[in-house]
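Q: no FASTA, just this:
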């Protein structure tokens, strides 16, 4: 890609994302909706002005990693641990129910090949943790009980989604399903989440000491950004999504993080506050690129809008996608208001669903009709839940008063 073309694309992405986010906020909608719509308008679905090229996708990847770093920074680990059982339940049911419903529809009702049906099920299982976290943050509920349940469930969902994708990819290559590889990925991810926070805590203590004596400004953003990218790389090495590395780094540097077994590596509250203050401008620069890129990746021109079969597939799969996530949350022991909010927060598929759909299309497993139906479902599950959550909070207020 020519440098001047990339620069112009970035200008258009950043300005349009900001303008439409401001419009969305003034209309009472979550700003992330404006950023997603900016991508849809700029991309192949409407104007075709900007293409999601590899350099832009790379910047978007940094954006989602930094967004999850910010989520980790603001996460109360003790609250996250308290919601652990609920998060596991939400994640497990939220994977099994949509997967089972989607496979039954694609294979049993619409008579698609079993492998294609499995890819459809996979596309409708994983939650887009980036979009979910941003919506909760926009609504000011990321630190609330439901926010912690959703965050824990979305992290687990992402890991399980990666394992499922690896299994289906092996199956698509004709080599059979290797459960040993799937178990190895889970083990590596578990070890990563145990070791990474300890290492990040130790490194932050060194950075804190050097920051106090360094005569050159900018030490904190330089070293912390390097740490986040290092952890993202390590996460990829062990088989986890890169964004979970950013989350682990943010979690470790949080003011509310503690190490087990009385380990005495501590982050001073003042230093943790400086990390947040100096990293936020960097985070807010990159994250809109990610959300615009999600919109750019949707090519709604591929949809034959006059096809009755596509609409039948889309609507039935949309019901499976929404009902599966919400029903999984309804099985958790929480107040009804919280159950519904948690279920809606788990609905967005975003970039995770697009990865499954694109892999199925490029490998020749998904036909044009099924792929187009998936695009519609992914678009609707990404764009509609923020509006529904906003309406619920406006109608019923905070959960304690509901």
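A: Arrived safely, thanks for sending. The structure presented is a predicted model; accordingly, all values stated were derived computationally and were not measured.

Q: relative to residue 14, how far out is the residue positioned nearest the centre of the chain?
A: The residue lying closest to the centre of the chain (C-alpha atoms, centre = their mean) is residue 129, at 2.5 Å. From residue 129 across to residue 14, the span is 23 Å (C-beta to C-beta, to the nearest Å). The way it works is simple: take the backbone N, C-alpha and C, and place the C-beta from them, glycine included.

Q: next, count neighbours for residue 235.
A: A count of neighbours around residue 235, defined by other C-beta atoms under 10 Å, yields 25.

Q: please name the residues that touch it.
A: With contact taken as C-beta atoms under 8 Å, 6 or more residues apart in numbering, residue 235 is in contact with 189, 192, 196, 241, 242, 243, 244, 245, 248.

Q: pLDDT value on the fourth one, please?
A: The confidence metric pLDDT takes the value 68 at residue 241.

Q: please apply the same query to the second one.
A: On pLDDT, residue 192 comes in at 75.

Q: where does it fall, secondary structure wise?
A: Assigned by DSSP states H and E, residue 192 belongs to helix 179-213.

Q: tell me which residues in that helix are buried?
A: Judged by neighbour count using 16 or more other C-beta atoms under 10 Å, the buried positions of helix 179-213 are 182, 185-186, 189, 192-193, 196-197, 199-201, 203-204, 207-208, 211.

Q: after that helix, which helix or strand is next?
A: Where DSSP H and E defines the elements, the next helix or strand beyond helix 179-213 is helix 219-237.

Q: hmm, back to that, in TSV: the contacts of residue 235, plus distance to residue 375.
A: Listed next are the contacts of residue 235 as TSV, based on distance: C-beta to C-beta, whole Å:
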residue	distance to residue 375
189	29
192	33
196	35
241	22
242	24
243	23
244	26
245	29
248	32
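
Q: hang on, the earlier thing: name the helices or strands packed onto the helix holding residue 192?
A: Judged by 3 or more C-beta pairs under 8 Å, 6 or more residues apart in numbering; DSSP states H and E, helix 179-213 is in contact with helix 145-172, helix 219-237, helix 242-253, helix 269-296.

Q: quick one: closest of these to residue 343.
A: helix 145-172 (9.4 Å; C-beta to C-beta).

Q: in the closest one, what's buried?
A: 145-169, 171-172.

Q: what's the answer for stretch 314-328, then?
A: Neighbour counts over stretch 314-328 (16+ other C-beta under 10 Å) mark 314, 316-318, 320-328 as buried.

Q: nearest to residue 94, of the residues you listed?
A: Each of the buried residues of stretch 314-328 was scored against residue 94 by C-beta to C-beta, and residue 328 proved nearest at 4.1 Å.

Q: ok, the nearest residue to that closest one once chain neighbours are set aside - contacts?
A: Leaving aside its sequence neighbours, residue 328 sits nearest to residue 93 (C-beta to C-beta, 6 or more residues apart in numbering; 3.0 Å). Residue 93 makes contact with 327, 328, 329, 331, according to C-beta under 8 Å, 6+ apart.
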